[in-house]
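Peer 1: Sharing a sequence plus its predicted fold:
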Amino acid sequence: MLTNKVFLKKTKKGSILKIVREHYLRDDIACGSACCDICVHDEKGPVLEDNPGNPSQQFSEEHYIIPDTNVVLHQIDVLEDTALQNVIILQTVVEEVRHRSAPAYKRLKEVLANPGKHFYSFANEFNKETYIEREPGEKSNDRNDRAIREAAIWYRDHLSKQNCSVKIVLITNDADNRAKAKQSGLVAFTDFDIS
């Protein structure tokens, strides 16, 4: 699937340029979970365990964690801890971290490269089920928060279709994002809840 954005731009010399931006969306991007029978995984196999062992006092059921950008930026030490596993890092988050902090981005890439951590980088910006357009007047940060929530909803629904008992937990430090996630039926905590 292909989405196009076409707009006109005036150059310094007064010429008008027609700019076309194409965004290719795919339907074959794997979720990365071992409990999913639909997705075709690469030769390394699924990254996320089918019985994730994320012990938590806040949420006792087996779950995968989806952190938002600010959690990754401000809690990178926690994400690097060996006890935290089976985390889904969305492409939206990776790109925001890359633009905001080179040291945090480097540390995040190292965590993603560690197979023992079971961290999975999901390309939500290229998945036709999770990609969202920025709405008119919507701030970039609000669009990214909405993209993270949409990806979390997709994961929840996708795994439930597989009769997979693993839940999705969204971690954010934004009270508004948390409230909107809960309105959508997501399990959501602020990073202050888990500290």
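Peer 2: Arrived safely.

Peer 1: For the nearest residue to Y131 once chain neighbours are set aside, the count of nearby residues, please.
Peer 2: The shortest distance from Y131 to any non-neighbouring residue, by CB to CB, 6 or more residues apart in numbering, is to L25 (5.4 Å). Where you see a C-beta, it was placed from the backbone N, CA and C, and this is true even at glycine. By other CB atoms under 10 Å, the residues close to L25 number 15.

Peer 1: Then H99 would be within a strand, right?
Peer 2: No - counting by DSSP: H, G, I helix; E, B strand; the rest coil, H99 falls outside a strand, being helix.

Peer 1: Tell me how many other residues surround it.
Peer 2: The local packing of H99 (other CB under 10 Å) involves 10 other residues.

Peer 1: Just the pLDDT for it.
Peer 2: Per-residue pLDDT puts H99 at 96.

Peer 1: before we move on, what about M1?
Peer 2: 55.

Peer 1: ditto for I132
Peer 2: pLDDT at I132 comes out at 93.

Peer 1: ok, now which ones touch it?
Peer 2: If you count contacts by CB atoms under 8 Å, 6 or more residues apart in numbering, I132 has them with R143, R146, A147, E150.

Peer 1: Could you pick out which of the residues you listed are located in helices?
Peer 2: Among these, the ones falling in helices (DSSP state H) are R143, R146, A147, E150.

Peer 1: where in the chain is pLDDT low?
Peer 2: Residues of the chain meeting the criterion pLDDT under 70: 1-5, 7, 23, 43, 54, 191-195.

Peer 1: mind listing the helices for it?
Peer 2: 69-74, 76-80, 91-100, 102-113, 140-161, 175-183, 191-194.

Peer 1: Please produce CSV containing these, extended by distance to D50.
Peer 2: Listed next are the helices of the chain as CSV, based on distance: least, CB to CB, whole Å:
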stretch, distance to D50
helix 69-74, 25
helix 76-80, 22
helix 91-100, 23
helix 102-113, 20
helix 140-161, 10
helix 175-183, 24
helix 191-194, 23
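
Peer 1: closest to D37 out of the ones you listed?
Peer 2: helix 140-161 (9.8 Å; CB to CB).

Peer 1: Just the buried positions in the closest one, please.
Peer 2: 142, 144-156, 158-159 (16 or more other CB atoms under 10 Å).

Peer 1: elements contacting it?
Peer 2: On a contact count with 3 or more CB pairs under 8 Å, 6 or more residues apart in numbering; DSSP states H and E, helix 140-161 meets strand 63-67, strand 87-90, helix 91-100, strand 167-172, helix 175-183.
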